[in-house]
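Asker: Please work out how this folds:
(4 chains)
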2 protein chains.
Amino acid sequence: MFSKACEYGIRAVIYIWSQNSKGKKIGIKDICKEIDSPEFFTAKILQALARKGIISSAKGPNGGFYIEKEQEKLTLLELVEAIDGNQIFEGCGLGLKVCSEVNPCPIHDQFKSIRDQLKVMLHSTSIRDLAADLEKGTVFLSRFN
Amino acid sequence: MFSKACEYGIRAVIYIWSQNSKGKKIGIKDICKEIDSPEFFTAKILQALARKGIISSAKGPNGGFYIEKEQEKLTLLELVEAIDGNQIFEGCGLGLKVCSEVNPCPIHDQFKSIRDQLKVMLHSTSIRDLAADLEKGTVFLSRFN
DNA sequence: ATAATAAAAGATAAAACTATCTTTATTATA
DNA sequence: TATAATAAAGATAGTTTTATCTTTTATTAT
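Answerer: Modelled structure (predicted):
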């Protein structure tokens, strides 16, 4: 469904959020150890997210990735779109260049329905809430609990 | 959502079905021209499907791909699974190796819901019906109508 | 100032996916 | 039996994604 980059990105951002509520910046090494992801690859994903203003980062001692007030309304939809683009929400399910209501592919309606539900789900899921669940200990980010 | 191979495969199989109802075998060149897909790549996908018994094929003059009676109950679910595997239906949305009810990832429930709906949709969509729609001319397989 | 720290950026490589080309095997029919 | 048609199989190549390694830049603390 999502790319590896997106999976790592979501896991990392949820973890950053869960730590940030404690007012901490958190380094890439810690993040990757916690979410069990490849360090440099994950770093590039987070750097891109920082450039887009979805998270923040600081260099130097005690630096790391963190969240600022303005970023607090982040939803899964925005995060997924920032990493994987909108192809999954917009593209034809069978890869047709032209596919629309008046010129539909064979699974146009069925696919649209699923996709709309996915979009609603992602839009109504806030990173803030997911991070809160993580802190509560009801959900996990790696097989090492 | 689906791989390119899966997109081509679905389009090709729907087209084969739509022609087969007219009692014809259909060659790879015709298929690829009709669905606008790369010939040798599509051939390999169909060959694999034939090996799995999802479609049939015949070599030699007037040969090609076709459908047999026993294959008539094919659903999208079986087709997608044969090409892309079951990762999309079984794997964790965030790529965790261990993710279950007792050890859920942060989006376990939300993702499960979407995935179950996708599965139901694919299971309740028969290739036969999609091919019928194609014959009726209410849906299309390429931008060249 | 200097050294240490950590993200950012650049370069390279490995793996997977997509695509194409060539050769082989099989089958119908002339 | 020879030939042509067609799928199957094998080999190669291009592209994208994923992953790693190295160097640079910015920041902090001493």
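Asker: hey, C-alpha coordinates of stretch A:48-64 in CSV?
Answerer: Extracted in CSV, the C-alpha atoms of stretch A:48-64 (Å, rounded to 0.1, in the frame of the first residue of the first chain):
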residue,chain,number,x,y,z
ALA,A,48,12.6,16.0,3.2
LEU,A,49,9.8,16.3,5.7
ALA,A,50,11.7,19.0,7.5
ARG,A,51,12.2,20.9,4.3
LYS,A,52,8.5,20.8,3.7
GLY,A,53,7.8,22.1,7.2
ILE,A,54,6.0,19.0,8.4
ILE,A,55,8.5,18.5,11.2
SER,A,56,11.4,20.6,12.4
SER,A,57,15.1,19.9,12.9
ALA,A,58,18.1,21.4,14.6
LYS,A,59,21.8,20.7,14.0
GLY,A,60,24.5,20.6,16.6
PRO,A,61,24.8,19.2,20.1
ASN,A,62,21.4,18.5,21.6
GLY,A,63,19.9,18.9,18.2
GLY,A,64,17.6,16.5,16.4
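Asker: So it, near chain B or not?
Answerer: No: residues of stretch A:48-64 are not located near chain B by Cβ under 8 Å from any Cβ of the partner chain, the shortest gap being 15.9 Å. In this view, the C-beta of every residue, glycine as well, is placed from N, C-alpha and C.
Asker: How far off centre is that stretch?
Answerer: Mean-position distance between stretch A:48-64 and its chain equals 15 Å (Cα atoms, centre = their mean, to the nearest Å).
Asker: Can you point out the buried residues in that stretch?
Answerer: By 16 or more other Cβ atoms under 10 Å in any protein chain shown, the buried positions in stretch A:48-64 come out as A:49, A:54, A:55, A:56, A:57, A:64.
Asker: Now the last one: closest residue in space that isn't a chain neighbour?
Answerer: The one in question is residue A:64. Closest residue in space to residue A:64, ignoring its immediate chain neighbours: residue A:25 at 3.7 Å, by Cβ to Cβ, 6 or more residues apart in numbering or on different chains.
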